[in-house]
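A.B. asks: sharing a model that was predicted from the sequence below.
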Amino acid sequence: MGKRSILFALPAFIIYSALLIVPILLAFMLSFTSWTGYAANPIHYVGIANFIDLWKDEKFLHSIWVTLRLVLVVTLGSNALGLIFALLLNKSGKLTNVFRSVFFVPFVFSTVAVSFIWSSIISYTGVINYLLGVVGLETWQTDFIGNANHAIWSISIIEIWKTVGFNMVIYLAALQTVPAELYEACTIDGGNARNKFRHVTLPMIVPGISISVLMSVINEMKQFDLVKVITDGGPGSGTETIAYHIISQAFGYNLLGYSSAIALVLFVAVVLVSIAHLSITRRFEVES
Amino acid sequence: MRAGRSTFFIRMILLVSVVLYAIPLYLSIVNIFKTTDQITLNPFAIPSSLNLDNLTYVLNNPNVHLYKMYLNTLIIAVSATLLTLLFTAMAAFYTSRSSGKLSGILHVYFIMGIMVPYAIVYIPLVIIFRDFHLIGTLHGLILVFISGNIPFAFFMYHGFMKTAPRELEESAAIDGAGQFRTFWQIIFPLLKPCTTTTAIFIGLSMWNDFLTPLLIGQVHTITLGIYTAIGPHSTNWGQMFAFVFFGTFPVVVAYLFAQKQFVSGLTAGALKG
């Protein structure tokens, strides 16, 4: 078999290097400067000052807190519901297919579309307040994005609604890998439905759980779109996530050096999560 | 007896969840055909008549340019998807069929892009694009989408090609076909299952992408277009639902026609992490 010409890899290599690798290297260099993005201004090297400043930046610290809450609530919600729906729909049938589609369709919508649909539900003149009015609970009526705490919960619920179908599909694929003989063996040993789930299903779908959880965690760590459309970071800056903070510092305040430093921290955090995930998964695989 | 009760219980949970899930979908269909006043009065009501005002408003509004948005999105998504697939399949053909050190290095080089959060890329990219006058151009946006999707597509193709049989290539080589002809006439058609899956995953993500056209292109794709047209604080629900309809209609139709490929494409996409 002859050697393949390296020319095959050339177009991908050029585009990928020029528009992904070079920008990352540039961001790395920018993060040690105080550049504001105007070509006329000289670029000042400031050492690690940006990396020290960001731990004193209350908006940034708050954005970590917001992001962590989103990661936690959405990961738990989407995975728990995704697994439950997958277990309930892990059979064939026409109705099953329709149900699966209902859960899955929101995932193919753009975040912008999802955000607008939901703002008609949670806004002050929206559907939830309408329903509260119908059942006579006017005192419960509120603006669900009017304060940061409510807004983060609202955003979490919307994100769970949008992503659960995706997690469900991963769990359905994982459930397909469980051999039927194992369930039969469990029945012969006198196991009930709960035993089957605990001792057969759960251990067998660990790879599915691990991928599904990791995907949710990484996606929420990078959350920007929903916050941008639903609250635009507000009220105040109460719902700014880390990614939102990076973009607003970079393009709202022209702090390109500083925002690159935050982006680098986020990058490292994502890499660390991926590495941690890899080592945890490996340990699981050795044990089982 | 107990089994019967628990089955009933499970069915009830399922039914309630499906209904709760379907409510936003139901609302976004029925409310297209109502005025905003009717929506506020009762968002759940079935429209009394098929009022098409909201849809025609979006179609005929001279400030909206719906066709232009569709055209932009189509040009960008289609050409960026096709080029990503072609370039990446070629690169994976090299890395999966050569055993040298260089191909191993290239493999890692392409794969590591999967972990990059895109926020870090945008800042320098905007500067580069400004200097090269690529802001607001379709080809600029296409290039960004290609570069961003190479790691995932490469991951898919490399894995697929590693397991693909090589006899056909060898006999093509014996018959005197050059490498490029072998790739184009033998390999690329063989990759079709992988191509379909990857195309759906990256095509959908390009169609729905919001941040890239917002920051880098400032090109009105359908997603950015409806965002700008509705505006952040709109409460004109009727028109908003019409916009959302035009933004989501094509992907929902595509999904209904190719459900299996969508699901397998996105499950494969899950391996991305």
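C.D. replies: That came through, no problem.

A.B. asks: tell me what the helix or strand hosting A:His277 is packed against?
C.D. replies: With secondary structure defined by DSSP states H and E, A:His277 is part of helix A:256-287. Packing partners of helix A:256-287 (3 or more Cβ pairs under 8 Å, 6 or more residues apart in numbering or on different chains; DSSP states H and E): helix A:22-30, helix A:49-53, helix A:206-221, helix A:242-247, helix B:119-131. (Glycine included, C-beta is placed from N, CA and C.)

A.B. asks: just put those in a markdown table and tack on mean neighbour count and mean pLDDT.
C.D. replies: Converted to a markdown table, the helices and strands packed on helix A:256-287 look like this (neighbours: other Cβ atoms under 10 Å in any protein chain shown; pLDDT from 0 to 100):
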| stretch | mean neighbour count | mean pLDDT |
| --- | --- | --- |
| helix A:22-30 | 19 | 93 |
| helix A:49-53 | 16 | 90 |
| helix A:206-221 | 20 | 89 |
| helix A:242-247 | 27 | 94 |
| helix B:119-131 | 21 | 88 |
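
A.B. asks: closest to B:Phe9 out of the ones you listed?
C.D. replies: Checking the helices and strands packed on helix A:256-287 against B:Phe9 by Cβ to Cβ gives helix A:206-221 as the closest, at 24.5 Å.

A.B. asks: CA atoms of that closest one as CSV?
C.D. replies: Provided in CSV are the C-alpha atoms of helix A:206-221 (Å, rounded to 0.1, in the frame of the first residue of the first chain):
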residue,chain,number,x,y,z
VAL,A,206,-22.3,3.9,33.2
PRO,A,207,-20.6,4.9,29.9
GLY,A,208,-23.8,6.5,28.7
ILE,A,209,-24.3,8.4,32.0
SER,A,210,-20.7,9.6,32.0
ILE,A,211,-20.9,11.0,28.4
SER,A,212,-24.3,12.5,28.9
VAL,A,213,-23.2,14.2,32.2
LEU,A,214,-20.0,15.5,30.7
MET,A,215,-21.8,16.9,27.7
SER,A,216,-24.2,18.8,29.9
VAL,A,217,-21.5,20.1,32.2
ILE,A,218,-19.3,21.4,29.3
ASN,A,219,-22.2,22.9,27.4
GLU,A,220,-23.5,24.8,30.5
MET,A,221,-19.9,26.0,31.3
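
A.B. asks: identify the residues contacting that helix?
C.D. replies: Helix A:206-221 has contacts (Cβ atoms under 8 Å, 6 or more residues apart in numbering or on different chains) with A:67, A:70-71, A:74-75, A:78-79, A:82-83, A:159, A:163, A:166-167, A:170-171, A:173-175, A:177, A:242-243, A:266, A:269-270, A:273-274, A:277, A:280-281, A:284, A:288, B:117, B:270-273.

A.B. asks: quick check on these: which are buried?
C.D. replies: A:67, A:70-71, A:74-75, A:78-79, A:82-83, A:159, A:163, A:166-167, A:170-171, A:173-175, A:242-243, A:266, A:269-270, A:273-274, A:277, B:117, B:270, B:272-273 (16 or more other Cβ atoms under 10 Å in any protein chain shown).

A.B. asks: out of those residues, which sit inside helices?
C.D. replies: A:67, A:70-71, A:74-75, A:78-79, A:82-83, A:159, A:163, A:166-167, A:170-171, A:173-175, A:242-243, A:266, A:269-270, A:273-274, A:277, B:270 (DSSP state H).

A.B. asks: so, low pLDDT: which residues of the chain?
C.D. replies: In the absence of a named chain, chain A is used. A:1-3, A:40, A:285-288 (pLDDT under 70).

A.B. asks: you answered for a different chain; I wanted chain B.
C.D. replies: Using pLDDT under 70, chain B drops low at B:1-4, B:266, B:268-273.

A.B. asks: break it into its domains for me.
C.D. replies: B:2-51, B:60-270 (automatic domain parsing).

A.B. asks: would you list those in JSON lines and tack on distance to chain A?
C.D. replies: Below are the domains of chain B laid out as JSON lines (distance: least, Cβ to the nearest Cβ, whole Å):
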{"stretch": "domain B:2-51", "distance to chain A": "5"}
{"stretch": "domain B:60-270", "distance to chain A": "4"}
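
A.B. asks: just those: most buried one?
C.D. replies: Highest mean neighbour count of those: domain B:60-270, a mean of 19 (counted as mean count of other Cβ atoms under 10 Å in any protein chain shown).

A.B. asks: now do that one: distance to the chain's middle.
C.D. replies: With Cα atoms, centre = their mean, to the nearest Å as the basis, domain B:60-270 stands 7 Å off its chain's centre.

A.B. asks: mind saving the C-alpha coords of whichever strand or helix holds A:Lys228 as PDB?
C.D. replies: Assigned by DSSP H and E, A:Lys228 belongs to helix A:225-230. The C-alpha trace of helix A:225-230 is given here as PDB (Å, rounded to 0.1, in the frame of the first residue of the first chain):
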ATOM      1  CA  ASP A 225     -27.100  32.300  24.000                       C
ATOM      2  CA  LEU A 226     -30.000  31.800  26.400                       C
ATOM      3  CA  VAL A 227     -28.700  34.500  28.800                       C
ATOM      4  CA  LYS A 228     -28.100  36.900  25.900                       C
ATOM      5  CA  VAL A 229     -31.700  36.600  24.500                       C
ATOM      6  CA  ILE A 230     -33.700  36.100  27.700                       C
END
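
A.B. asks: what packs against that helix?
C.D. replies: Using 3+ Cβ pairs under 8 Å, 6+ apart: helix A:225-230 touches helix A:111-122, helix A:148-176.

A.B. asks: neighbouring contacts of it?
C.D. replies: Residues outside helix A:225-230 that contact it (Cβ under 8 Å, 6+ apart) are A:111-112, A:114-116, A:118-119, A:145, A:151, A:154-155, A:158-159, A:233, A:239-241, A:244, B:210-211, B:227, B:232.

A.B. asks: those, buried ones only, as a PyMOL selection?
C.D. replies: With 16+ other Cβ under 10 Å as the criterion, this PyMOL line picks the buried residues out of those:
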select buried, (chain A and resi 111+112+114+115+116+118+119+145+151+154+155+158+159+233+239+240+241+244) or (chain B and resi 210+211+227)
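
A.B. asks: can you list the residues of the stretch 51-200 of chain A near chain B?
C.D. replies: Within the stretch 51-200 of chain A, the positions near chain B by Cβ under 8 Å from any Cβ of the partner chain are A:81, A:84-85, A:88-89, A:99, A:101-113, A:116-118, A:120-121, A:123, A:125-127, A:130, A:161, A:166, A:169-170, A:173, A:193.

A.B. asks: repeat the analysis, applying 7 Å as the threshold.
C.D. replies: With Cβ under 7 Å from any Cβ of the partner chain as the criterion, the stretch 51-200 of chain A meets chain B at residues A:85, A:88, A:99, A:102-103, A:105, A:108-113, A:116-118, A:120-121, A:123, A:125, A:127, A:130, A:161, A:166, A:169-170, A:173.

A.B. asks: good, we can wrap up now.
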